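1. Show me how the following folds:
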Amino acid sequence: MCSSKGFTLIEVLIAFIILMISISVATAAYKEYRIVVQKQKKAERMFIAAISLMNKLKSMKVNLRMNEQEGKFNGLSYKIKVKRIAAKRNYIYFFNKRGNKGNFLITLYKITLTVGNKNFILYKTQFQRLH
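-> Okay, the predicted model is just below:
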């Protein structure tokens, strides 16, 4: 009877092959993870830039001289297109502390904001008192 106290060459080779397969699968999964994280960070930067620019556009007065604007924000290029959709005159009469009444021009604008390669659409209504 021969008793051996070690592994045969075939057992070592099979263990080595299993280890190599495990390492290659883990490496491929890590590379995919890195690609997904990079895409997510880019999308997050674009979304934050778009939200910030849309908030800025909501707070400012829009006019047709802003027809097209381009620039950079947060390291991303953006483009703004302003289009007047409709403008109507209206007479408003109601009572409040200031006594607002009179002719107003109500204008609806469509603002297309392009950040990176994504388009965001914003509609803005603007009131202007006519004298």
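2. From now on I want contacts and neighbour counts done on CA atoms only, so please keep to that.
-> Noted.
3. R84 versus N55, what's the distance?
-> Here the criterion is CA to CA, to the nearest Å. By it, N55 lies 19 Å from R84.
4. neighbour-wise, which of the two wins?
-> Neighbours per residue, other CA atoms under 10 Å: of N55 and R84, the larger number sits with R84, 17 against 11.
5. Who does the host helix or strand of the more buried one pair with, and is each partner parallel or antiparallel?
-> Element membership of R84 [criterion: DSSP states H and E] is strand 76-93. Applying DSSP bridges, strand 76-93 is found paired with strand 68-73 (antiparallel), strand 101-115 (antiparallel).
6. Residue ranges in this protein under the pLDDT threshold?
-> Within the chain, the segments meeting pLDDT under 70 span 1-4, 64, 91-102, 131.
7. and the residue nearest the centre of it, helix, strand or coil?
-> With distances taken as CA atoms, centre = their mean, F47 lies nearest the centre of the chain, 2.3 Å away. Using DSSP: H, G, I helix; E, B strand; the rest coil, the structure places F47 in helix.
8. ok so, going back, would you mind putting the strands paired with strand 76-93 into a markdown table with distance to K61 and mean neighbour count alongside?
-> As requested, the strands paired with strand 76-93 are exported to a markdown table (distance: least, CA to CA, whole Å; neighbours: other CA atoms under 10 Å):
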| stretch | distance to K61 | mean neighbour count |
| --- | --- | --- |
| strand 68-73 | 15 | 13 |
| strand 101-115 | 11 | 17 |
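9. Before I go, just wanted to say thanks for your time.
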